[in-house]
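> This is a predicted model, with the sequence first.
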Amino acid sequence: MKCYICKSDTPEPENSIGDYRHIGCTSCGEYNISGTAVTESESRAVDAEAMQQLLKERRKATSDTPRITSIEMVYAST
């Protein structure tokens, strides 16, 4: 499968937590992403750099795996 943020190859999600899928990407790191954000990321271009920065900031703030929702997704300008 492809990472929902950077679109690089990544293993299939090992588990889900409620509506969230757990992703382990070599470029973006581990994160959980909501079903709605997954759907939107499949039809819109994600700003990978902005999302990776968001994940980086969240990792500094807590040891929990970052969660991404559709509200937090940053999309590339068209």
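Noted; the coordinates are in hand. Please read these numbers as outputs of a predicted model, since none were measured by experiment. Numbers count the residues shown, from 1 in each chain.

> How about the contacts made by residue 1?
Applying C-beta atoms under 8 Å, 6 or more residues apart in numbering, we find residue 1 in contact with 9-13. Every residue, glycine included, has its C-beta placed from N, CA and C.

> would JSON lines of those with neighbour count be doable?
As requested, these are exported to JSON lines (neighbours: other C-beta atoms under 10 Å):
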{"residue": "9", "neighbour count": "10"}
{"residue": "10", "neighbour count": "18"}
{"residue": "11", "neighbour count": "10"}
{"residue": "12", "neighbour count": "8"}
{"residue": "13", "neighbour count": "15"}
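
> between the residues you listed, which is closest to residue 55?
Closest approach between the contacts of residue 1 and residue 55, by C-beta to C-beta: residue 10, at 13.8 Å.

> measure the closest one to residue 62 for me?
From residue 10 across to residue 62, the span is 22 Å (C-beta to C-beta, to the nearest Å).

> Residue 24 now?
Distance from residue 24 to residue 62, by C-beta to C-beta: 18 Å.

> Which one of these two is surrounded by more residues?
Using other C-beta atoms under 10 Å, the more surrounded residue of residue 24 and residue 62 is residue 24, with 15 against 8.

> nearest spatial neighbour of the more buried one, skipping sequence neighbours?
residue 30 (4.9 Å; C-beta to C-beta, 6 or more residues apart in numbering).

> Name all residues that make contact with the one you found.
22-24, 65-66.

> Can you pick out the most distant pair from these?
Greatest spacing in these, by C-beta to C-beta: 24 and 66 (12.3 Å).

> so residue 22 touches residue 32, yeah?
Yes - counting by C-beta atoms under 8 Å, residue 32 is a contact partner of residue 22 at 5.4 Å.

> shaky segments in this structure?
Low-confidence segments of the chain, defined by pLDDT under 70: 78.

> Could I get the full set of helices for it?
35-43, 48-61 (DSSP state H).

> Now do the buried residues in stretch 20-31.
Of all the residues in stretch 20-31, those buried under the rule 16 or more other C-beta atoms under 10 Å are 20-21, 23, 25, 28-29, 31.
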